[in-house]
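Peer 1: can't give you the sequence, but here's the structure:
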DNA sequence: GCGGTTTATTTCGCGTACGAAACTTCCTTG
DNA sequence: CAAGGAAGTTTCGTACGCGAAATAAACCGC
């Protein structure tokens, strides 16, 4: 029951990071491959699946959903509109917002792709025992919260010292 | 001690994935911010730190180190060479390979950036008990190996069914 | 109802990121 | 040693991905 020294901890941190990077990039790769069968890119598949579930989303809502900046999503929607997969519609209530919805072509593709990208992970996580899954979630959450604390010191994500 | 049903497991998988995505993207964000202080980008910082450690690397070795394709790294090195941070040298033994090493300017910047991006994670992992760290590593490795099995079926990563 | 601020989206410039094809050099094998 | 393949790098085309600035519409207080 020797306590771990600094070197061990550093090595473990490195290994954990390795694993996280591997899982993340592999997840992206799998999503991309899945999308390719429908002539889509990864982000485009995420958009189509999001719209299929909700039906209609503003550009900002879509951005939050796929974790990207608005300026990025503008480009993605541009290309998808060019391909006839989605349409932009200006909202009548608030004329600043653009609603995005699937065309019939887009909806058909959404229906044709059965699985959520997430499912690959669910399958992999399925080999863990329930206790392991619980532990994993608990420990990861603990680490994530710690990182969050360190990187979001105050309640203001916008203000900074030089105007 | 009821067994978890499918819905619970799906929710857990989603939450685990959330945490992994969060940790990964946050890691990138932190690296990027660190790099910005030296007028670098994230990948450029990774290159400089890699070269500082090893001294000299071929483009392919560098690609593996920063987990990117050769064609991507070509562009990164182009820009870094333009900025006078690195130089390309054709190997005399094997004239196909390009060795990349830091210039004095690049080395100075490497010295000026004290921390490994990794340290933020080590700090965060520091709040775990040794047992938790071990468990985390063990479980993540188990999941990663499972994904690896599923995605690398045989010992030949190149062959496929249509020639 | 006018000026000032906020919110939603787009534009712009730059830097990855990837896969396929081209190019050069090296290495086999007949 | 010549033909052919393999390995290392670059080029090309396309698609993110981000932040800063621009634009347009809504809101707010008075």
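Peer 2: Done, it's in. Because the structure is predicted, anything quoted here is derived from the model rather than measured.
Peer 1: Can you tell me which residue is spatially central in chain A?
Peer 2: Geometric centre of chain A, nearest residue: residue A:66, 4.8 Å, by Cα atoms, centre = their mean.
Peer 1: Next, give phi and psi for that one.
Peer 2: phi -100, psi 10 (degrees, to the nearest 10).
Peer 1: Skipping its backbone neighbours, what lies nearest it in space?
Peer 2: Excluding the flanking residues, the one nearest residue A:66 by Cβ to Cβ, 6 or more residues apart in numbering or on different chains is residue A:46, at 4.6 Å. Placement of C-beta: from N, CA and C, glycine included.
Peer 1: what's the neighbour count on that neighbour?
Peer 2: By other Cβ atoms under 10 Å in any protein chain shown, 21 other residues sit near residue A:46.
Peer 1: now chain A, which segments are flagged as low pLDDT?
Peer 2: Applying pLDDT under 70 to chain A flags the ranges A:1-9, A:115-120, A:151-163.
Peer 1: would you list every one of the helices in it?
Peer 2: Counting by DSSP state H, chain A has these helices, from start to end: A:6-36, A:42-54, A:59-65, A:70-82, A:104-112, A:119-125, A:130-151.
Peer 1: helices or strands next to the fourth one in the packing?
Peer 2: Which is helix A:70-82. When contacts are defined as 3 or more Cβ pairs under 8 Å, 6 or more residues apart in numbering or on different chains; DSSP states H and E, helix A:70-82 packs onto helix A:42-54, helix A:59-65, strand A:86-90.
Peer 1: Tell me which of those is the most buried.
Peer 2: Mean neighbour count (mean count of other Cβ atoms under 10 Å in any protein chain shown) peaks for helix A:42-54 among the helices and strands packed on helix A:70-82, with a mean of 19.
Peer 1: returning to what we had before: okay, the helices of chain A in JSON lines with distance to residue A:90 next?
Peer 2: Output for these, formatted as JSON lines (distance: least, Cβ to Cβ, whole Å):
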{"stretch": "helix A:6-36", "distance to residue A:90": "28"}
{"stretch": "helix A:42-54", "distance to residue A:90": "17"}
{"stretch": "helix A:59-65", "distance to residue A:90": "11"}
{"stretch": "helix A:70-82", "distance to residue A:90": "13"}
{"stretch": "helix A:104-112", "distance to residue A:90": "19"}
{"stretch": "helix A:119-125", "distance to residue A:90": "35"}
{"stretch": "helix A:130-151", "distance to residue A:90": "36"}
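Peer 1: Relative to residue B:106, which of those helices is closest?
Peer 2: In terms of Cβ to Cβ, the element of the helices of chain A nearest to residue B:106 is helix A:6-36, at 24.2 Å.
Peer 1: quick one: buried residues of that closest one?
Peer 2: Buried residues in helix A:6-36, counted by 16 or more other Cβ atoms under 10 Å in any protein chain shown: A:9-10, A:12-13, A:16-17, A:19-24, A:26-27, A:30-31, A:34-35.
Peer 1: on that earlier part again, will you turn the helices and strands packed on helix A:70-82 into JSON lines that also has distance to residue A:149?
Peer 2: Shown next, in JSON lines, are these (distance: least, Cβ to Cβ, whole Å):
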{"stretch": "helix A:42-54", "distance to residue A:149": "29"}
{"stretch": "helix A:59-65", "distance to residue A:149": "22"}
{"stretch": "strand A:86-90", "distance to residue A:149": "38"}
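Peer 1: for DNA strand D, what are the nearby residues on chain A?
Peer 2: A:41-44, A:66, A:68-69, A:71-72, A:75-76, A:79, A:94-96 (Cβ under 7 Å from any atom of the strand).
Peer 1: Which of the residues you listed ranks first by neighbour count?
Peer 2: Going by other Cβ under 10 Å, residue A:44 tops the residues of chain A next to DNA strand D with 22 neighbours.
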